[in-house]
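*Asks:* with the sequence up front, the predicted model follows.
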Amino acid sequence: MSKRITKAVIPAAGLGTRFLPATKAMPKEMLPVVDRPAIQYVVEEAVAAGLHDVLMITGRNKNALENHFDRMFELEVLLKEKGDRTKLAKVNESTDLADMHYVRQGDPRGLGHAILRAKMHVGREPFAVLLGDDIIDERDPLLDKMIDEQEKRNTSVVALLEVEPSQIHLYGAAAVEKTDDPDVVRITGLVEKPDEADAPSNLAIIGRYVLRPEVFDVLEHTEPGKGDEIQLTDALQEMAVTPEETGGVYGVIFRGRRYDTGDRLDYIKAIIQLAVDREDLGPDLRPWLRDFIHTLD
């Protein structure tokens, strides 16, 4: 039997320019979503799927990421002295989540280049990639299904989401063939951010991948694409058309709740959507929202 996947790679080297000036001195991944930084949701998702070995690809001015998942002795001592066990547990929650590792990307040469920086840590075994801009609701597990499909088919797997055709230019789009599972497709081609007229489908790649290690071999000779960056989509396109060498690429169609924190408006929506379902916030927030909406008229 093949070994269960245990390693997750989280690229977190982006500058977050869409959130300036908030991200001038703070990593965009540390922006709070209710009361946790966005990056913590992603690490928690990885751990819930059994991925306890987490490698974060960082860059300059990203020290706050490492600090968040490290011990903070002064704060712990202060909370212990105050007897505030509830807040102490919240502080320690991120510290004890996973076995965290970090490597810098250096030159910002795209997502494919960032993932290539994980080669030494990952080795020759399958691994997962989680992008920090996408938060997947914990009530709608996605990674477990993707890992199961990777093990079952010995292939690389990407997460797909049906979007409005007018929005497909914001994503990588997949050309697909059906399989015996209505939620799983075989990918025959990929296009990075196509025009609506040129898109092979309205199935968009979202920020979850479970990849065979052959992706590193492909990325090493992938030429820069859109934006003069090494695109992961271009490498996956090559893998999709060379299944005899790389195992091919399949897609899991996600039909659950996803929150986009990479755009200012969607970030605000994500906070509201998550907060209204919280037991500690929802009962007071929902009636306030109803009253506030009436004032907009």
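*Replies:* It's in.
*Asks:* show me what contacts the residue nearest the centre of the chain?
*Replies:* Nearest to the geometric centre of the chain sits residue 131, at 2.5 Å (Cα atoms, centre = their mean). If you count contacts by Cβ atoms under 8 Å, 6 or more residues apart in numbering, residue 131 has them with 10, 11, 42, 111, 206, 207, 208. From N, CA and C alone the C-beta is placed, and that goes for glycine too.
*Asks:* likewise for residue 261?
*Replies:* With contact taken as Cβ under 8 Å, 6+ apart, residue 261 is in contact with 31, 33, 38, 132, 133, 134, 135, 267, 270.
*Asks:* looking at the contacts of residue 131, which one is closest to residue 88?
*Replies:* residue 42 (23.5 Å; Cβ to Cβ).
*Asks:* next, the closest one: phi, psi?
*Replies:* phi -70, psi -40 (degrees, to the nearest 10).
*Asks:* repeat that for residue 201.
*Replies:* Here residue 201 shows phi and psi, under degrees, to the nearest 10, equal to phi -170, psi -180.
*Asks:* how much space between it and residue 37?
*Replies:* Using Cβ to Cβ, to the nearest Å, residue 201 is found at 34 Å from residue 37.
*Asks:* and residue 52, by the same measure?
*Replies:* 19 Å.
*Asks:* repeat that for residue 158.
*Replies:* For residue 158, the distance to residue 37 - Cβ to Cβ - is 25 Å.
*Asks:* more crowded one of those two?
*Replies:* More neighbours surround residue 158 than the other of residue 158 and residue 37, with 27 against 22 (other Cβ atoms under 10 Å).
*Asks:* so who does the more buried one touch?
*Replies:* Here residue 158 is in contact with 174, 187, 205, 208, 209, 236, 249, 250, 251, 252 (criterion: Cβ under 8 Å, 6+ apart).
*Asks:* out of those residues, who's nearest residue 79?
*Replies:* Proximity of those to residue 79 (Cβ to Cβ) peaks at residue 208, which lies at 34.7 Å.
*Asks:* what pairs with the nearest residue to that closest one once chain neighbours are set aside across the strands?
*Replies:* Computed as Cβ to Cβ, 6 or more residues apart in numbering, the closest residue to residue 208 that is not its neighbour in sequence is residue 159, at 3.9 Å. Beta-bridge partners for residue 159, by DSSP bridges, are residue 206, residue 252.
*Asks:* hey, where'd the strands end up in the protein?
*Replies:* Taking DSSP state E as the test, the strands found in the chain are 7-11, 32-33, 36-37, 53-58, 99-104, 127-130, 134-136, 156-162, 172-178, 184-192, 203-211, 249-253, 258-260.
*Asks:* can you lay out those as a markdown table showing mean pLDDT and distance to residue 85?
*Replies:* Below are these laid out as a markdown table (pLDDT from 0 to 100; distance: least, Cβ to Cβ, whole Å):
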| stretch | mean pLDDT | distance to residue 85 |
| --- | --- | --- |
| strand 7-11 | 96 | 30 |
| strand 32-33 | 94 | 22 |
| strand 36-37 | 94 | 19 |
| strand 53-58 | 95 | 27 |
| strand 99-104 | 94 | 24 |
| strand 127-130 | 97 | 31 |
| strand 134-136 | 92 | 28 |
| strand 156-162 | 95 | 38 |
| strand 172-178 | 91 | 46 |
| strand 184-192 | 91 | 45 |
| strand 203-211 | 94 | 35 |
| strand 249-253 | 96 | 40 |
| strand 258-260 | 90 | 30 |
